[in-house]
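Trainee: After the sequence you'll find the predicted model.
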Amino acid sequence: MGYVPVKGGTEAIDASIKRLKYERLKGNETIEIQTIMSTMRGMIDQVMSESSLYSPFLAALAIKQAEGSMEEAVFLMRAHRSTLPRPYYSKTVEPETMLVERRISASFKDIPGGQLLGATYDYTHRLLDFDLINESSESIQRWLQNYQTELQQVDAFDEVKYFPKVVDYLRDEGLFENHQEDNTVPKDITKQSLQFPSTRSERLQVMTRGQTGAVTSLGYASLRGYGQVHPTVGEVRVGAVPIYVGHPNEMEQNTEDEFYIGEITVTEVESFVPTQVKNANNEYELQFEIGYGICYGQNETKAIAMSILDQCLEHPESNFPTHDEEFVLLHIDSVESTGFISHLKLPHYVTFQSKLDSVRQVKKEVQEVEN
Amino acid sequence: MKTDTHFAFFDEGSKKEIRRAIIKAVAIPGYQVPFASREMPIARGWGTGGLQITLSIIGKSDVLKVIDQGADESVNAVSIKKLVHDTTGVELTEQTEEASLIQSRHRIPEVALTKDQIIVLQVPMPEPLRPVEASELKTKTMHAENDYSGAWLMLFEQIMKYGKTATAADHPVYVNDRYVMAPSPIPRFDNSKLHESEALILLGAGREKKIYAVPPYTNVESLAFDDYPFTVEAFEDKHCHICNSTDVFLDELIDPQTGETIHQCNDTSFCMDQLNKKVEEEAQKSYV
Amino acid sequence: MYEEPILQVRNLQKQFGTGCIECRQKETRKLVKNFCKSCGTLYACQDISFDLYPGEVLGIVGESGSGKSTMMQCLYFDSDVSSGEAYIHTPDLAGKNIFEMSAQQKRFIRNYVYGMVYQNPVQGLKMNFSSVGNIAEKLIAAGNKHVGQMEATSKKLLENVHIPLHRMKEEPRNFSGGMQQRVQIAKALSNNPPILFLDEVTTGLDLSVQANVLDLIKGIQRDLGISMIVVSHDLAVIRMLADRTIVLLNGKIIEEGLTDQVLEDPQHEYTQQLVYSLL
């Protein structure tokens, strides 16, 4: 009989899934979740960010199960997220209280509090390190010990010190408009689907869970010419912020009743974008606006790109696609884009038969007319 | 850390939210109700909209049938069936008559559905006006203002160019004389089954986050001009080479032995039924 | 005239900007042209009132920035008014301020009562649809569901505007500017609208083509008796088409009357300048 791809689906699927497992196990090697957690920081951060679920452990599990495929790991996490009840919203996170691990500004050399490089690939030379092929646990131990000794020679601050925001410094100078604090409850895009025109809270949510590559590409397109935002990075900070939830039963909320439920590492970016505004005397003057980016883990490129796109979407009057909220927001989600692209692998022969019929009928019509 | 999955995968809060969207959809036939579509264990574009509807309305006593492009054994149908079965334990069937709930991609079964059944259709592109207008905000306004000239103009242009409308599957329909709706990529052959259907028809688009519905006994009309009536796929003089049925949607195959084009029922369970009936009849005859 | 006007416009206002203490009171506001220097608000149309009678061609003339196109956009609902009223005297619309109607009702008016010819054909035509499709779009919008009828109507209209029928299935983007403008006119006329708006329709066309399009409009007006509002900065166009003329300056009506009268004996200083510069 002819090509009937759909028969015997059950057995075929079982066999395929078995084959997939074989591919994962055939080398007779396994990787511990703990190993992934302590050596695959970049992947874990990216998976958590794109899946919008903060759990290094589950991210490591997803990476293991997905054999390192990013889209697959994100997908697993998102699907798991759907099964979780969501009983609480956290209190507003104040990034000023971040335990900063890294913090730089491209706008000022001397920012209050100083630049703090922290851990970054920025100044590494991207040369394959062949020594890693034979890295032994003894050599790791030795290196760590040496590092600890070196650290002891550094004078630490006596108490916890918070880093002020660079933007506050400029705001005091009147370079930014002073906006009223907006305490409108943000819309939760996982509870209410995105409607247009969207609010900024919705836009930021979509972007922070956006696929790293997609967000980066669109931010780049805007920067390169298909957009009208040319930012200076005011501040990039990476570090841990504490998360609190309110008391579930108390109607009156006061900060003392709040519960600390843990901390998350985030990357936060504030980009400064010069814009032209009219002042009270109806004269044009330049002012800065802020593009904001934030995401789980250390994902600096994504957070910077997000800050560019945030600023783009604040100016829908520009005609570039990067300023079109539907264009940006509806196409950067990993699960959505990879899903719809991959669905093209599903059989489409009813649709195709229908199209075939349509084409044949049209051809017949044309022939009849010609005769 | 190992956890058991909840009945029908979702937590009850999510199910309630989705059911509310379904009720709204039933109340406004043909209107696309936005809903907070969840990420599912199957990929977007692979039936997550349909699956979310199925999982939100399924109960322990339901009997489920899942088909993909007419076939119960199609890989994706099997995969969806497996997921629903694993999380609910409901009975599965391939018999259209036996099912209380049918999830389908791109087909409505040949056997007429009854008032005791619900059919859930998977939708890739819920917006019938998308080919005319890319912006969601604008298409939403067009629906609100009952402005469907774009959809008609598309058909008109086809007639001007080709002498007839050249739509394939997913030919748009008017629901209850108000909303123009994408019937999902069912062949035009199936459009008439939407009209005055006894069964409730629910349509779910997971990626586009929309649910819409055709309630039982609703007027559904395919878009067509007065002098260019709506036509369905033609299978004149053709029959299923297995069960000899005519008047059904046929798949086109090439016989590897003879190289000839042959046809067979697209609805596999219908085809099987016809065969079984024949075998029974013959058995009865020989018995007499 | 004893007839009842088909369109009445009363106190149409359109401003861009929020206004400030200096300019909110229309009696006392001090503007530079139509612009408030202290807050930057632009008063594009100030207190515009007029009547349009059945079968009449009303010319609206003024320099660029005088508010004539903005006024047209407001009447055609392309742009919302800041305040004001307008009434259309047809049985189903009489007595209701059209600016306050729902989007659906405004659409009805656009589809059944109005025709519009924009200065730039890109605004009035779908450039990647056939010419006949463009005309049909308007017929479809007005509820026509018969291809044969629409095709016949379109052919007749295209013939009227001198588009060769063998090109009717071609897309207007392949046409010259003058041809595009003629397709737009055919489209605007397709539903026999009682009111037709013409916004700088000859601007940007060659002189010979201009004459051609003007002749066409004149002919249509004579044959169909449609009421028209013709907006132009060009007095020659106004002189040729309009029965009555309104002169706009900085968003205000400064002079109105029979076209001949306005052109022969202009009263306002600005109109005088305008007329003499033409001679």
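Mentor: Received it, and whenever you're ready, just let me know what you need.
Trainee: Identify the residue nearest the geometric centre of chain C.
Mentor: residue C:197 (2.8 Å; Cα atoms, centre = their mean).
Trainee: quick one: it is in a strand?
Mentor: Yes. Assessed by DSSP: H, G, I helix; E, B strand; the rest coil, residue C:197 belongs to a strand.
Trainee: Quickly list what it is bridged to.
Mentor: Beta-bridge partners for residue C:197, by DSSP bridges, are residue C:116, residue C:229.
Trainee: can I assume it is in contact with residue C:115?
Mentor: Yes. Judged on Cβ atoms under 8 Å, residue C:197 makes contact with residue C:115 at a distance of 6.9 Å. For glycine as for every other residue, the C-beta is placed from the backbone atoms N, C-alpha and C.
Trainee: In the stretch 1-150 of chain B, mark out all the strands, start to finish.
Mentor: With strands called from DSSP state E, counting those that start in this stretch, the stretch 1-150 of chain B shows them at B:33-34, B:63-68, B:91-92, B:101-105, B:118-122.
Trainee: what would the ones you listed look like in TSV with mean neighbour count and distance to chain A?
Mentor: Putting these into TSV (neighbours: other Cβ atoms under 10 Å in any protein chain shown; distance: least, Cβ to the nearest Cβ, whole Å) gives the following:
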stretch	mean neighbour count	distance to chain A
strand B:33-34	18	4
strand B:63-68	25	7
strand B:91-92	14	11
strand B:101-105	25	8
strand B:118-122	27	10
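Trainee: May I see those arranged in JSON lines, with mean pLDDT as well?
Mentor: Compiled in JSON lines, the strands of the stretch 1-150 of chain B are given as follows (pLDDT from 0 to 100):
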{"stretch": "strand B:33-34", "mean pLDDT": "96"}
{"stretch": "strand B:63-68", "mean pLDDT": "96"}
{"stretch": "strand B:91-92", "mean pLDDT": "96"}
{"stretch": "strand B:101-105", "mean pLDDT": "97"}
{"stretch": "strand B:118-122", "mean pLDDT": "98"}
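Trainee: Can you redo those as a markdown table, where the extra columns are distance to residue B:149?
Mentor: What follows is the strands of the stretch 1-150 of chain B, written out as a markdown table (distance: least, Cβ to Cβ, whole Å):
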| stretch | distance to residue B:149 |
| --- | --- |
| strand B:33-34 | 24 |
| strand B:63-68 | 35 |
| strand B:91-92 | 45 |
| strand B:101-105 | 31 |
| strand B:118-122 | 27 |
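Trainee: Figure out which of these is closest to residue A:351.
Mentor: Across the strands of the stretch 1-150 of chain B, residue A:351 has its closest neighbour in strand B:101-105 (10.0 Å, Cβ to Cβ).
Trainee: Take the strands of the stretch 1-150 of chain B and write them to TSV, including distance to chain C.
Mentor: TSV is the format used below for those (distance: least, Cβ to the nearest Cβ, whole Å):
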stretch	distance to chain C
strand B:33-34	20
strand B:63-68	35
strand B:91-92	45
strand B:101-105	31
strand B:118-122	27
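Trainee: Could you list the low-confidence segments of the chain?
Mentor: Answering for chain A, as no chain was given. A:1-8, A:253, A:279-282, A:369-371 (pLDDT under 70).
Trainee: wait, chain C
Mentor: For chain C (pLDDT under 70), the answer is C:1-2, C:278-279.
Trainee: those strands in it, which residues are they?
Mentor: Using DSSP state E, the strands of chain C run over C:7-16, C:42-52, C:57-61, C:83-88, C:114-117, C:195-199, C:227-232, C:244-249, C:252-258.
Trainee: most tightly surrounded among those strands?
Mentor: Most buried of these, by mean neighbour count (mean count of other Cβ atoms under 10 Å in any protein chain shown): strand C:57-61, with a mean of 26.
Trainee: now it against strand C:227-232, angle please.
Mentor: For strand C:57-61 against strand C:227-232, the angle by axes from the mean of the first three to the mean of the last three Cα atoms, to 10 degrees is 20 degrees.
Trainee: residues in contact with strand C:57-61?
Mentor: C:50, C:52, C:68, C:71-72, C:221, C:227-235, C:237-238, C:241-248, C:259, C:274 (Cβ atoms under 8 Å, 6 or more residues apart in numbering or on different chains).
Trainee: coming back round to it: of the strands of the stretch 1-150 of chain B, give the one that comes closest to residue C:270.
Mentor: Using Cβ to Cβ, the nearest of the strands of the stretch 1-150 of chain B to residue C:270 is strand B:33-34, at 54.2 Å.
Trainee: Turn the strands of chain C into CSV, columns for distance to residue B:58.
Mentor: Formatted as CSV, the strands of chain C follow (distance: least, Cβ to Cβ, whole Å):
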stretch, distance to residue B:58
strand C:7-16, 56
strand C:42-52, 59
strand C:57-61, 65
strand C:83-88, 55
strand C:114-117, 52
strand C:195-199, 57
strand C:227-232, 62
strand C:244-249, 67
strand C:252-258, 69
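Trainee: So in chain A, which strand runs the longest?
Mentor: strand A:259-278.
Trainee: what about dumping the CA coordinates of it to CSV?
Mentor: C-alpha atoms of strand A:259-278 as CSV (Å, rounded to 0.1, in the frame of the first residue of the first chain):
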residue,chain,number,x,y,z
PHE,A,259,7.9,36.7,55.0
TYR,A,260,11.3,36.3,53.5
ILE,A,261,11.0,33.4,51.1
GLY,A,262,14.5,33.4,49.6
GLU,A,263,16.6,35.3,47.1
ILE,A,264,17.0,35.3,43.4
THR,A,265,19.9,36.4,41.3
VAL,A,266,19.0,38.9,38.6
THR,A,267,20.6,41.1,36.0
GLU,A,268,19.2,44.6,36.0
VAL,A,269,20.0,47.2,33.3
GLU,A,270,19.1,50.8,33.0
SER,A,271,19.9,52.4,29.7
PHE,A,272,19.8,56.1,29.2
VAL,A,273,18.3,57.3,26.0
PRO,A,274,18.4,61.0,25.0
THR,A,275,15.0,62.2,23.7
GLN,A,276,13.7,65.5,22.6
VAL,A,277,11.0,67.1,24.8
LYS,A,278,9.3,70.4,25.0
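Trainee: Check which helices and strands that strand is in contact with.
Mentor: On a contact count with 3 or more Cβ pairs under 8 Å, 6 or more residues apart in numbering or on different chains; DSSP states H and E, strand A:259-278 meets helix A:166-172, strand A:232-245, strand A:284-296, helix A:300-313.
Trainee: Determine the number of other residues adjacent to residue A:79.
Mentor: Residues near residue A:79, counting by other Cβ atoms under 10 Å in any protein chain shown, number 20.
Trainee: residue contacts, the closest residue to it other than its chain neighbours?
Mentor: The shortest distance from residue A:79 to any non-neighbouring residue, by Cβ to Cβ, 6 or more residues apart in numbering or on different chains, is to residue B:41 (4.4 Å). Counting by Cβ under 8 Å, 6+ apart, residue B:41 touches A:79, B:9, B:83.
Trainee: Disregarding residues adjacent in the polypeptide, which is nearest to the last one?
Mentor: Closest residue to residue B:83 in three dimensions, ignoring its sequence neighbours and counting by Cβ to Cβ, 6+ apart: residue B:41, at 6.2 Å.
Trainee: Residue B:58 versus the one you found, what's the distance?
Mentor: 15 Å (Cβ to Cβ, to the nearest Å).
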